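J.: How does the following fold in three dimensions:
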Amino acid sequence: MAFCTKCGTQATPGQRFCVVCGSALPGSPSIPVTAEGSDAVEQSSPGSTTSSWTPAPPMNEHDATLLSASRVLVGFASEPPDQARLTILLRVFLAIPVLIWSIVLSIAALFAVVISWFAALFTGRVPLSLQAFNTAVLRYVSEVQAYTSVLVKRWPGFALEPAGAVQVSLQIDQCTLNRGAVLLRYFLALPAGAVFFVVSFASYALSVVVWISALILGRPAKALYQARLLCLRYEVRYVAYMFMLTPTQPFAGLFGDRVAPGLESLQGPPPGLSTRIHASSAARLFLIASLLVGAYGGVLYAQRVGNLQNLINSSVVVPLVNSTETNVVAQLNTYVTSLSACAVNSSAVCGTNAAVVARDAIATQLYNLNADATFVITGKNEYLAYVGGLQKINTDFSRIAADLTWAQQQNDIVTSLRPDILAFDAQYQKLRAAI
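T.: Numbering: from 1, shown residues only. Okay, the predicted model is just below:
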């Protein structure tokens, strides 16, 4: 019978981590299996060849951190692979079909993540089928990224599970999740998300440098290869955390792994792959430099988005609002002129016709405002209030057009139309100030 050396919890056959404290259960390749329900204790007779489970030595703090990160084991080749320079030169074009397919799979995975979130919130676990599907999608998308970045040489194909030798592996142990952490997952992930944002920009910069080195050498320079792998591994672990596949934040091992006794035996990656990246000093230096470039790129991107918002406001929203206001004011003046002519005979039919013309003209303005609402970024609330005010005026004209007598029309004009016009003018002033 085997027990966790850290908290004393009994281990089940083939178990890799303690279900209570999460500690590693390294030792012999197998844990002796007893009959189900048996309370018998292992015994060995002289000359017996039965292997007993040997407890692992206590782990230090660094090893425990590595083990926590190893809940998401991403396997890569330890050495950069040799590749044909022609395929390196055309890599982006060759990757287009699998990039499109990876986007489709990612969209499908997002639906699965929503279901997983609710399942984990109520049961504390992601259903095994969803865990397997999202893990397979994440592994495939990671391989596509690795192929695009010239980290692997073979075209990934379209199957979630690789048909030949594995180029990128991904192992994630299903485990119980804290429901509170699931509920607040996207708030808890904000710091990791900020790092992910920087790492993503760093990845773009590194991919270009890796591509150039591979084109010259026929394979990526090892230091650049390791730096790009570290970025990709962080991205995979971050997505795994967001997908509810693991309770572990992705920070550990961002700058590489040290050799931790007893951990390599736990990983079991496919032949030729390693889940540890023992980054050289040059690789760490390249990573740090790329992160600085990524941070700078993120700032420029944020500024560009802000400039784009200003450009959209100045070129689309402001002219639209100004033209709408001009047309509405002109239509209201036309209505007042028509109403004055109708007042000579107090004709309800004349008032109805004038109201119908005004209603239809304002309906056209409403259509234009609603059609371009997606372009509004700054002053969104004021814009919606402005549209709502114009909608009220449109409704007032519909009511006046339905009135049967002149007196009813005059009453609706005084009690509804005039106050709504005054409110609409105030909403226009607020909107102009906002945009």
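
J.: is it true that N313 touches R432?
T.: No. Using CB atoms under 8 Å, N313 is not in contact with R432, being 11.4 Å away. To be clear about C-beta, it is placed using only N, CA and C from the backbone, and glycine gets the same treatment.

J.: These two - which one has more neighbours?
T.: N313 (19 against 15; other CB atoms under 10 Å).

J.: Tell me where the chain is predicted with low confidence.
T.: 1-70, 259-269, 303-312 (pLDDT under 70).

J.: Could you point out the longest strand of the protein?
T.: The longest strand of the chain (DSSP state E) is strand 72-77.

J.: Let me see the ranges of the strands in the chain.
T.: 72-77, 169-172, 273-274.

J.: Quick one: closest of the ones you listed to S207.
T.: strand 72-77 (15.1 Å; CB to CB).

J.: So which bits of the closest one are buried?
T.: 72-77 (16 or more other CB atoms under 10 Å).

J.: Is there a neighbour count for A165? I'd like the number.
T.: Count around A165 with other CB under 10 Å applied: 10.

J.: where's it relative to V239, distance?
T.: 24 Å (CB to CB, to the nearest Å).

J.: got JSON lines for the strands of the chain, with distance to G298 too?
T.: Converted to JSON lines, the strands of the chain look like this (distance: least, CB to CB, whole Å):
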{"stretch": "strand 72-77", "distance to G298": "24"}
{"stretch": "strand 169-172", "distance to G298": "27"}
{"stretch": "strand 273-274", "distance to G298": "31"}
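
J.: So for I216, which of those sits nearest?
T.: Per CB to CB, nearest to I216 of the strands of the chain: strand 72-77, 19.8 Å.

J.: Figure out how far that closest one is from the centre of its chain.
T.: From the chain centre to the centre of strand 72-77 is a distance of 21 Å (CA atoms, centre = their mean, to the nearest Å).

J.: For it, which outside residues touch it?
T.: Strand 72-77 is contacted by residues 142, 146, 151-152, 166-172, 229, 232-233, 236-237, 240-241, 245-246, 248, 250, 267, 269-270, 272-275, 277 when judged by CB atoms under 8 Å, 6 or more residues apart in numbering.

J.: Surely R432 and V321 touch.
T.: Yes. Assessed by CB under 8 Å, R432 is found in contact with V321 at 7.2 Å.

J.: before we move on, the earlier item: among the contacts of strand 72-77, which are in helices?
T.: 142, 146, 229, 232-233, 236-237, 240-241, 267 (DSSP state H).

J.: List just the nearest of the residues you listed to A120.
T.: Y241 (12.3 Å).

J.: Chain neighbours aside, what residue packs nearest to the closest one?
T.: P250 (5.7 Å; CB to CB, 6 or more residues apart in numbering).

J.: what about the one you found, how many neighbours?
T.: 24.

J.: how close does it get to V195?
T.: In terms of CB to CB, P250 sits 8 Å off from V195.

J.: Quickly list what's touching both of those two.
T.: In contact with both P250 and V195: 234, 238, using CB under 8 Å, 6+ apart.

J.: can you list the domain ranges for the chain.
T.: Split into domains by automatic domain parsing, the chain comes to 1-39+51-58, 71-279, 312-434.

J.: Same list (these) but as CSV, adding distance to Y301.
T.: Shown next, in CSV, are the domains of the chain (distance: least, CB to CB, whole Å):
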stretch, distance to Y301
domain 1-39+51-58, 37
domain 71-279, 7
domain 312-434, 16
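
J.: Could you single out the most deeply buried of those?
T.: domain 71-279 (a mean of 18; mean count of other CB atoms under 10 Å).

J.: Just the terminal-to-terminal distance for that one.
T.: 20 Å (CA to CA, to the nearest Å).

J.: What is the distance between it and the centre of its chain?
T.: Using CA atoms, centre = their mean, the offset of domain 71-279 from its chain centre is 14 Å.

J.: show me the contacts for K430.
T.: Counting by CB under 8 Å, 6+ apart, the residues that K430 touches are 382, 385-386.

J.: now those in TSV, with distance to P81?
T.: Listed next are these as TSV, based on distance: CB to CB, whole Å:
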residue	distance to P81
E382	56
A385	59
Y386	59
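
J.: Since that was my last question, I'll sign off now.
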